[in-house]
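Student: attaching a predicted model along with its sequence, questions to come.
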2 protein chains.
Amino acid sequence: MILVNGAAADSVPVTDRGLAYGDGVFRTLPVKQGNPQCWQWHYRKLAHDCAALALPCAGEEVLAAELARASRQQGDCVVKIIVTRGSGERGYAPPASPRPTRIVMASALPRYPEEFARSGIKLHLCRTRLAAQPRLAGIKHLNRLENVLARAEWNDAGMPEGLMLDEGENAIGGTMTNLFIVEGEALVTPDLSRCGVAGVTRERVLAAAARQGVACGIENLTLERVLAAREVLLVNSVIGAWPVKELAGRNWRPGRHAARVQQWLDEQGD
Amino acid sequence: MILVNGAAADSVPVTDRGLAYGDGVFRTLPVKQGNPQCWQWHYRKLAHDCAALALPCAGEEVLAAELARASRQQGDCVVKIIVTRGSGERGYAPPASPRPTRIVMASALPRYPEEFARSGIKLHLCRTRLAAQPRLAGIKHLNRLENVLARAEWNDAGMPEGLMLDEGENAIGGTMTNLFIVEGEALVTPDLSRCGVAGVTRERVLAAAARQGVACGIENLTLERVLAAREVLLVNSVIGAWPVKELAGRNWRPGRHAARVQQWLDEQGD
């Protein structure tokens, strides 16, 4: 089911600024047995991203209710929430009093082979680079052509993700996931102050690591450093954590750190 | 009037990739006395931009007919054409056989004071920088959050445009216009191989200059160089050419080169 501003609908006005300019933000989260997973984390991030674009965000209760309604008849599913600046006059200038469009839509959970989480995945190395835009870095906004171009580089059901670098050859993340590597006993995740999306699952791993007393750095990670890591893993809200078993000719076996991150995420699904 | 895939409509599916990812391109052109201005230029650019995103583009006759239909009852107007990759499965991967969405919509011509073209405009200097993304540079795609953020920096009806720089402090263009400066007797316009939109009017000025034997360089233009120029002007399909009379404390009087560019554009409205 799809709700647009609270009403069942399956379309938005042609004049919506989300379409015209990508002027909006989004979230994707699983709903299991009627429970939106980590809803507080997702709402906080949505509100944060809206604020970063000076976009009014609907209240938490409003969205939670719409989320429940949209997913009610779907069973376990994925819900996508989009908030745009709504329709406006022609031109880039945001309306002084925007009337945002909020879209809540439920769809089937994607089915990935269980071995992705257990044995790891092959990771494509994307040629498409992420541009450095500090003003938008970290935000899950609707300007995602770089991700589309990167994801179009390969077509192999056995290779579910690609690693994106910035122009300085730093690893930033997957097209739809955040990256962690293991060095010694520490986790390291890329600094996302110039590009990339700072996802909720990345935040949850950082919080869990802090709670468990596991060192977790936020640093520039060159591709060389990723390839030299003990373990490499990718996370997002829908997949949890996937170990990487192959990237650019380098091979890894799933290690205990990936298993530990998976356990943190499983335990924490509030 | 609005046409979506040839049928009168005012909405698009919520699942359209133009909304989800900004996965599409657009054009804006004036229609005067029933004639879309410089249609061949615009169609060629639309087809070019579609090709750059591996997006199938409707044929020229199809779009011309829809453009005529959408604008028929509007009098002189502006038509916006949007082509998106249509709806697809969830996720960034483009569908193998996309069914693009094409939107043709007519709206009123924006009314700018005549003195903008005659006496010049005050130009805001934007703080928002354009990120370098060679893979998307020049293309008029739907990922335009940078322009939105830049245009939100000021609100002054007497200041209709802002100048955007890249991270290296090179001037790239206005939020909705391309930039030319005059040095000696030559025109210079920014190199757009790393960011910016290579608009049709910029192309027309370059072509006219070549035809008239006027030197016109495509170069990196630092802000300092813009401020030291004899004349500064901004062009797009709707406004033609505006001289700049004020930017960052520097003042200009409208010069003969701006008048000449305006004349080229007037004469050439095929």
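Tutor: Arrived safely, thanks for sending.
Student: any chance you could map the helices in the stretch 51-200 of chain A?
Tutor: For the stretch 51-200 of chain A, the helices defined by DSSP state H, counting those that start in this stretch occupy A:60-71, A:114-119, A:145-151, A:200-212.
Student: please tell me how far the first one is from the chain's geometric centre.
Tutor: Taking CA atoms, centre = their mean, to the nearest Å, the mean C-alpha location of helix A:60-71 is offset from the chain mean by 20 Å.
Student: over to the longest one?
Tutor: The chain centroid and the centroid of helix A:200-212 are separated by 15 Å under CA atoms, centre = their mean.
Student: partners of the helix or strand that comes right after it, with directions?
Tutor: Next helix or strand after helix A:200-212 toward the C-terminus (DSSP states H and E): strand A:216-219. Pairing partners of strand A:216-219, with direction, according to DSSP bridges: strand A:186-190 (parallel).
Student: chain center to the partner strand: distance?
Tutor: Distance, stretch centre to chain centre, for strand A:186-190: 17 Å (CA atoms, centre = their mean).
Student: spatially central residue for chain A, please.
Tutor: With distances taken as CA atoms, centre = their mean, the residue of chain A nearest its centroid is A:G199 (4.6 Å).
Student: from what I see, that one and A:L234 are in contact.
Tutor: No: between A:G199 and A:L234 there is no contact under CB atoms under 8 Å: 10.4 Å. For glycine as for every other residue, the C-beta is placed from the backbone atoms N, C-alpha and C.
Student: list residues touching both of those two?
Tutor: Shared contacts of A:G199 and A:L234 (CB atoms under 8 Å, 6 or more residues apart in numbering or on different chains): A:177-178.
Student: how many other residues sit next to A:K80?
Tutor: For A:K80, the neighbour count with other CB atoms under 10 Å in any protein chain shown is 19.
Student: check A:G75 too.
Tutor: A:G75 sits with 13 neighbouring residues when counted by other CB under 10 Å.
Student: quick one: A:H257 is in a strand?
Tutor: No: A:H257: not assigned to a strand; according to DSSP: H, G, I helix; E, B strand; the rest coil it is helix.
Student: ok, it touching A:A186?
Tutor: No: look at A:H257 against A:A186 with CB under 8 Å: they stay out of range, at 9.3 Å.
Student: give the contact list for the residue nearest to A:E246 when sequence neighbours are not counted.
Tutor: Nearest residue to A:E246 in three dimensions, chain neighbours excluded: A:K122, at 4.3 Å (CB to CB, 6 or more residues apart in numbering or on different chains). A:K122 is in contact with A:156, A:158-159, A:244-247, counting by CB under 8 Å, 6+ apart.
Student: quick check, nearest of those to B:A106?
Tutor: For the contacts of A:K122, the closest approach to B:A106 (CB to CB) belongs to A:D156, at 44.1 Å.
Student: relative to chain B, how far out is the closest one?
Tutor: The gap separating A:D156 from chain B is 11 Å, by CB to the nearest CB, to the nearest Å.
Student: OK, contacts around that residue?
Tutor: A:122, A:124.
Student: that older thread, how near is the residue nearest to the centre of chain A to A:I172?
Tutor: Distance, A:G199 to A:I172, using CB to CB, to the nearest Å: 12 Å.
Student: ditto for A:A209
Tutor: A:A209 is 20 Å from A:I172, by CB to CB.
Student: the more surrounded of the two?
Tutor: Taking other CB under 10 Å, A:A209 and A:I172 do not tie; A:I172 has more neighbours (24 against 20).
Student: mind listing what's buried in stretch A:179-196?
Tutor: Buried residues in stretch A:179-196, counted by 16 or more other CB atoms under 10 Å in any protein chain shown: A:179-183, A:187-192, A:194-196.
Student: how near is A:N155 to A:G120?
Tutor: Relative to A:G120, A:N155 is positioned 20 Å away (criterion: CB to CB).
Student: how about A:K45?
Tutor: Separation of A:K45 from A:G120 (CB to CB): 27 Å.
Student: do A:L192 as well
Tutor: Relative to A:G120, A:L192 is positioned 23 Å away (CB to CB).
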